[in-house]
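**Student:** need a structure here:
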Amino acid sequence: MPWRRPPAARTTLGEQGDGEGTITDVSGSAMPDRAVADVSNGEIRARSVHGSGFVLALQLLRLFVRLGSMVVIARLLSPADFGLVAMVLPVVAFASAFQELGLGAATVQKASVTFQQISTLFWINATASGVLAALLAVGAPYVASFYGNAQLTDITVAFAGILLVSGLAAQHLALFRRQMKFVALSFIDSAAMVTGVAVGLLSAWFGAGFWALVVMNGTEAVVRLTLLWIVSGWTPGRPGNLRSVASMVAFGGNMVASSVIFYVVRHLDNILIGKYWGDVALGLYSRAYNLVLLPIANITDPVSGIIIAALSRLQDHPDQYRAYFLRAVCLTASLGMPIAVFCIVEAELVIGIVFGKQWHEAVPIYIALGPVAITATFNSSTYWVYASLGRAERQLRWAVIASSIFALSFVLGLPYGPIGVGIAYSAAFCLLQLPSLAYCFRGTPIRLGDFLLMISVPGLASLAAAGVTLAVHRMVAVANPIATLGIAGLAFFASYGAAYLAHPVGRQNLHHLRGILAELKSRVRQ
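**Tutor:** Below you'll find the model as predicted:
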C-alpha cells in the first residue's frame with residue numbers, strides 16, 4: 001500500500017502568505033490573528049543538527065548530575081522512603097495523563113496554527129489541571145487508605161500542587177518544540193533539573209526524609225514553569241472560539257487516551273508490588289527501574305521532541321521523512337543500546353557504586369528489567385511516527401492491545417515478587433516489539449526491513465562487546481569496584497566500536513555522524 005498523508009484538518013487560516021489569518025470570535029465577528037512562524041523545510045536539518053548537538057551535550061551533563069544525586073540521596077534516604085513516594089506516583093501519573101489532553105502534541109503536529117488557538121488550548125489545559133489537582137487532593141485520603149499508610153495523604157496533596165504547576169507550562173513547551181528552539185528548551189530543562197536536585201539534596205541532608213523527593217519534584221516544576229514563561233515572552237490571551245481548535249482537541253483526545261492506557265498499565269506494577277509486597281520491595285523495584293532506564297531516557301527523551309517536530313514538517317515529503325527517521329533511529333540505538341547492555345553485564349558493580357551495598361537486593365531486579373532498557377532504545381520511534389503523521393487513532397488501538405498483555409504479565413509475575421514482575425514485564429515487552437513496529441509502519445514511508453537493519457548493527461555489536469567484557473573479567477581481577485568498572489568499560493566500548501565499524505552500515509553511519517558534527521562545528525563558529 002503506497003503511503004499517503006492523512007487528510008489535513010480544515011483550518012480557517014491560509015497555509016502561506018504574510019503570516020496573517022482570520023478567525024471568528026465567539027460573537028461571530030472577524031478578528032485578525034497572527035499565525036505562528038514555523039521553520040521552513042530548508043531549515044529543518046540545520047536546526048535539528050544544531051539542536052541535537054547542544055541537547056545531547058547538555059543531556060550528558062544532566063546525566064552526570066542525576067547519577068550524582070542518585071548516589072548521594074540513596075545514602076541519605078532508605079528504600080522505604082522511596083517506596084512511599086513510589087506508591088503515590090501511579091495516581092499522580094494517571095492524573096497527569098489527562099491534564100495535558102494531548103494538546104501539546106496537537107500544537108506541534110498541526111500544519112498551521114495561530115497564537116489565539118494556542119491561547120485557547122492553554123486555558124483548556126489550565127482548567128483541566130485545576131480540576132485534576134482538586135480531585136487528586138480530595139482523593140488523597142483514599143490513596144492512603146488503599147495502602148494502609150496515613151503518611152500518603154499529605155504526599156498526595158503535595159503532588160496535586162505540583163500537577164497544577166506543570167499544567168500551566170504545556171503550551172509554552174509546545175511552542176518551543178514547534179519552532180524547534182531546542183537549545184533554549186534544553187537550557188531551561190537543565191536549569192530546572194539542577195535547581196530541583198540541589199534543593200532536594202539539601203532537604204535530604206537536613207533530615208527531611210521522603211519529603212526531600214517531593215521537594216525535588218516541586219522545585220523542578222516551578223523553576224521550569226517560570227523560565228518557560230520568561231524566555232518564551234508569550235503570554236496567553238483570552239480564549240477564542242472552541243470550534244477553531246476542534247480538530248486539535250480531537251487529535252489530542254486520541255493521544256491522551258493512548259497515554260492514559262499506557263500510564264495506567266505502566267504503573268500497575270508499582271501499585272501491585274506496593275499493595276502486596278510493601279514499601280521496601282517497591283522502593284527496591286522503583287529504584288532499579290529508574291536506574292536501568294536512566295541512561296536511555298537521557299538520550300531518547302530529549303531528542304524525541306526534536307525528531308517529532310522535524311518529522312511533522314516533513315510529512316508531505318515521504319523520501320525525506322524516511323531518511324530522517326532512519327537516521328534518528330540509528331543515532332538513538334547506536335548510542336543507547338551499548339550503554340544498556342553494558343549496565344546489565346555490570347549490574348552488581350553499577351548498583352553497588354550508585355546506591356551502595358545496602359541496595360544489593362535491587363541487583364536481580366535490575367537484571368530482570370534489562371531487556372526493557374535494551375528495547376527502549378528504539379521503542380519510542382513508534383511514537384515519533386504516530387505523533388508526526390497524526391495517526392493517534394492507530395496508536396490508541398495498539399495501546400489497548402499492548403496494555404492488556406502488560407497487565408497480564410504483571411499479574412503472572414506478582415506471586416514471585418519484584419523479580420518475577422520484572423521478568424514477566426521484560427518478556428511481554430520484547431515479544432510485542434515486532435508486531436508493534438509492523439503495525440505502526442503500515443501505510444507509512446517506513447519499511448520494517450530498513451528499520452531492523454538499522455538496529456541490528458548496534459545490537460550485534462553490543463552482544464559481541466558483552467562477550468569480550470565477560471572474558472576480561474575472568475582474566476583481570478581488581479579489588480577496587482570503580483577501577484573494575486573502568487577496565488570493563490574500556491574493554492566493552494573498545495570492542496563495541498570495533499564490531500560496529502566492521503559492518504558496512506556501521507561505517508556508513510559513522511560517516512553520516514561525522515557530517516553532522518562538522519555541520520554543528522561550522523554553526524557554532526558562525
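**Student:** can we go C-alpha only for contacts and neighbour counts from here?
**Tutor:** OK.
**Student:** lowest-confidence helix or strand of the chain?
**Tutor:** Ranking every helix and strand in the chain by mean pLDDT, DSSP states H and E puts strand 20-24 at the bottom, with a mean of 34.
**Student:** what about T195, how many residues nearby?
**Tutor:** 17 (other CA atoms under 10 Å).
**Student:** now do the buried residues in the helix or strand it falls within.
**Tutor:** Assigned by DSSP states H and E, T195 belongs to helix 182-205. Residues of helix 182-205 classed as buried: 182-201, 203-205 (neighbour count, 16 or more other CA atoms under 10 Å).
**Student:** what element comes up after it heading to the C-terminus?
**Tutor:** Where DSSP H and E defines the elements, the next helix or strand beyond helix 182-205 is helix 211-232.
**Student:** give me the distance from that next one to the chain's centre.
**Tutor:** Helix 211-232 sits 18 Å away from the centroid of its parent chain (CA atoms, centre = their mean, to the nearest Å).
**Student:** quick one: the first helix or strand past it going along the chain to helix 182-205, angle?
**Tutor:** Per DSSP H and E, the first helix or strand lying C-terminal to helix 211-232 is helix 246-313. Helix 246-313 runs at 100 degrees relative to helix 182-205, counting by axes from the mean of the first three to the mean of the last three CA atoms, to 10 degrees.
**Student:** quick check, distance from helix 246-313 to the centre of its chain.
**Tutor:** Computed by CA atoms, centre = their mean, the chain-centroid distance of helix 246-313 equals 7 Å.
**Student:** which elements pack onto the helix or strand that it is followed by?
**Tutor:** Remark: after helix 246-313, the chain's next helix or strand is helix 318-345, criterion DSSP H and E. Here helix 318-345 touches helix 246-313, helix 370-379, helix 448-475, helix 481-501, going by 3 or more CA pairs under 8 Å, 6 or more residues apart in numbering; DSSP states H and E.
**Student:** so for V92, which of the ones you listed sits nearest?
**Tutor:** Of all the helices and strands packed on helix 318-345, helix 246-313 sits nearest to V92, with 10.0 Å by CA to CA.
**Student:** packing partners of the host helix or strand of Y439?
**Tutor:** Counting by DSSP H and E, the element that carries Y439 is helix 433-441. Helix 433-441 is packed against helix 381-389, helix 392-413, helix 448-475, with contacts defined by 3+ CA pairs under 8 Å, 6+ apart.
**Student:** now with 6 Å, please.
**Tutor:** Contact partners of helix 433-441 among helices and strands, from 3 or more CA pairs under 6 Å, 6 or more residues apart in numbering; DSSP states H and E: none.
**Student:** for the record, mean pLDDT for that helix?
**Tutor:** Helix 433-441 comes out with an average pLDDT of 94.
**Student:** what's the spacing between the closest residue to H172 other than its chain neighbours and G370?
**Tutor:** Nearest residue to H172 in three dimensions, chain neighbours excluded: L228, at 6.3 Å (CA to CA, 6 or more residues apart in numbering). Remark: distance between L228 and G370 (CA to CA, to the nearest Å) = 35 Å.
**Student:** equivalent analysis for F98, please.
**Tutor:** For F98, the distance to G370 - CA to CA - is 30 Å.
**Student:** more neighbours, the two?
**Tutor:** Higher neighbour count among F98 and G370: G370, with 25 against 19, using other CA under 10 Å.
**Student:** in contact with that one: list those residues for me.
**Tutor:** I344 (CA atoms under 6 Å, 6 or more residues apart in numbering).
**Student:** if you set the cut-off to 8 Å instead, what comes out?
**Tutor:** V292, A340, V341, I344, S426 (CA atoms under 8 Å, 6 or more residues apart in numbering).
**Student:** among these, who's most crowded?
**Tutor:** Counting neighbours by other CA under 10 Å, V292 leads those with 27 neighbours.
**Student:** so that one touches A340, yeah?
**Tutor:** Yes: shown here, V292 and A340 form a contact pair, counting by CA atoms under 8 Å, at 7.4 Å.
**Student:** quickly list what's touching both of those two.
**Tutor:** Among the neighbours of V292, those also in contact with A340 (CA under 8 Å, 6+ apart) are G370, A373.
**Student:** so which elements touch the helix holding T195?
**Tutor:** On a contact count with 3+ CA pairs under 8 Å, 6+ apart, helix 182-205 meets helix 41-76, helix 170-178, helix 211-232.
**Student:** that helix versus helix 211-232: what angle between them?
**Tutor:** Going by the same axes, to 10 degrees, helix 182-205 is angled at 150 degrees with respect to helix 211-232.
**Student:** quick one: distance of helix 182-205 to the chain centre.
**Tutor:** Mean-position distance between helix 182-205 and its chain equals 17 Å (CA atoms, centre = their mean).
**Student:** try stretch 438-452
**Tutor:** Per CA atoms, centre = their mean, the centroid offset for stretch 438-452 relative to its chain is 22 Å.
**Student:** equivalent analysis for stretch 76-96, please.
**Tutor:** On CA atoms, centre = their mean, the centre of stretch 76-96 falls 18 Å from the chain's centre.
**Student:** average pLDDT across stretch 232-251?
**Tutor:** For stretch 232-251, the mean confidence score works out to 70.
**Student:** residues contacting the closest residue to Y324 other than its chain neighbours?
**Tutor:** In space, and not counting its chain neighbours, Y324 is closest to L311: 7.5 Å by CA to CA, 6+ apart. L311 sits next to Y321, Y324, F325, W384, S388, L389 when contact means CA under 8 Å, 6+ apart.
**Student:** could you identify which of the residues you listed has the most neighbours?
**Tutor:** Top of these by neighbour count (other CA under 10 Å): S388, with 24 neighbours.
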